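Undergrad: Task: produce atomic coordinates for the following.
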Amino acid sequence: MAVRFVEIKAAETSDLLNTEWVIIENAGKNPFNTRGCGMTVGRRGSAKKSLLGIIDPGFVLQPGERMRMCTGNPATQAHGAAPPEDTVKNYFLFLPRAYVSAPGTVLTLVLRGLPVSKAEFDPAAPGGVAVAAAKP
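TA: Predicted structure coming up:
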């Protein structure tokens, strides 16, 4: 997959939504437009997934570019301070609550119902992204 999750960070507390984010990267050779993409959340081993919402208006990821998608709203003081935009820009999802709850949470970026990228949260792994098991 050209687009991949490189970091998953759970919220520090359930109220500080701007401390929860995922960073996606375009590892492909062509720009990727996220408009119309959605994000689903589920648990490892479960077929049940919940759609968090559709990314609209979205953004374009150029090859090699990364974007931090924060859960909260930058204008809501109760959501905490937004992370600094050093080498990665922020995009806010304006969700009402945290969705990365525990190890084994599976996030999927979808476009028209088809998976674009998938990752599992593992707080012990580098960047919080579980390494996929090698297939024989």
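
Undergrad: looking at it, Ala27 is touching Arg4, isn't it?
TA: Yes. Using Cβ atoms under 8 Å, Ala27 is in contact with Arg4, at 5.5 Å. All C-beta atoms are positioned from the backbone trio N, CA, C, and that covers glycine.

Undergrad: For the residue nearest in space to the middle of the chain, give the beta-bridge partners.
TA: Nearest to the mean C-alpha position of the chain, by Cα atoms, centre = their mean, lies Val22 at 3.4 Å. Note on Val22: beta-bridge partners by DSSP bridges are Ile8, Met69.

Undergrad: Give the helix, strand or coil label for Ser14.
TA: Recorded secondary structure, Ser14: coil (DSSP: H, G, I helix; E, B strand; the rest coil).

Undergrad: Show the contacting residues for it.
TA: Contact analysis of Ser14 by Cβ atoms under 8 Å, 6 or more residues apart in numbering lists 97-98.

Undergrad: Regarding it, what are the backbone dihedral angles?
TA: Ser14 adopts backbone torsions of phi -70, psi -20, taken as degrees, to the nearest 10.
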